[in-house]
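K.L.:
pasting the structure only:
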């Protein structure tokens, strides 16, 4: 079925592409913190937009525990911070153009 590219808005403020996370990124991160049998159903609900991110977080906290939610959010934030660092480093400064004189 391919990668799911639906984006979920995290945080607030100016629109920054790194404030968005795909359902796949969320799934990958949360699986590091729990192997609950309830997780696939919660992920399916957010993937099909049956619930929004706020409701997903509320259910994760109630069903899987606050520590799972906190650790998942921290992991996503760390991932985004490293993406920001990589993005700012990846564009080398433009060399001054030489006109051959």
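P.N.:
That came in fine, so what should we check first? None of these values were measured; they are calculated from a predicted model.

K.L.:
average pLDDT for stretch 67-78?
P.N.:
Computed over stretch 67-78, the mean pLDDT rounds to 94.

K.L.:
buried sites along it?
P.N.:
68-69, 71-73, 75-76 (16 or more other Cβ atoms under 10 Å). Yep, even glycine has a C-beta here, placed from its N, CA and C like the rest.

K.L.:
this protein: helices as residue ranges?
P.N.:
23-30, 39-47, 53-63, 66-90 (DSSP state H).

K.L.:
pLDDT of the first one, averaged?
P.N.:
Per-residue pLDDT values across helix 23-30 average out to 93.

K.L.:
tell me the angle that helix makes with helix 66-90.
P.N.:
Per axes from the mean of the first three to the mean of the last three Cα atoms, to 10 degrees, the angle that helix 23-30 makes with helix 66-90 is 120 degrees.

K.L.:
and helix 23-30, what does it pack against?
P.N.:
The contact analysis (3 or more Cβ pairs under 8 Å, 6 or more residues apart in numbering; DSSP states H and E) places helix 23-30 against helix 39-47, helix 66-90.

K.L.:
got the angle for that helix vs helix 39-47?
P.N.:
Using the same axes, to 10 degrees: helix 23-30 against helix 39-47 is 150 degrees.

K.L.:
which of the buried residues of stretch 67-78 lies closest to residue 60?
P.N.:
residue 69 (4.8 Å; Cβ to Cβ).

K.L.:
what sits against that closest one?
P.N.:
Residue 69 makes contact with 57, 60-61, according to Cβ atoms under 8 Å, 6 or more residues apart in numbering.
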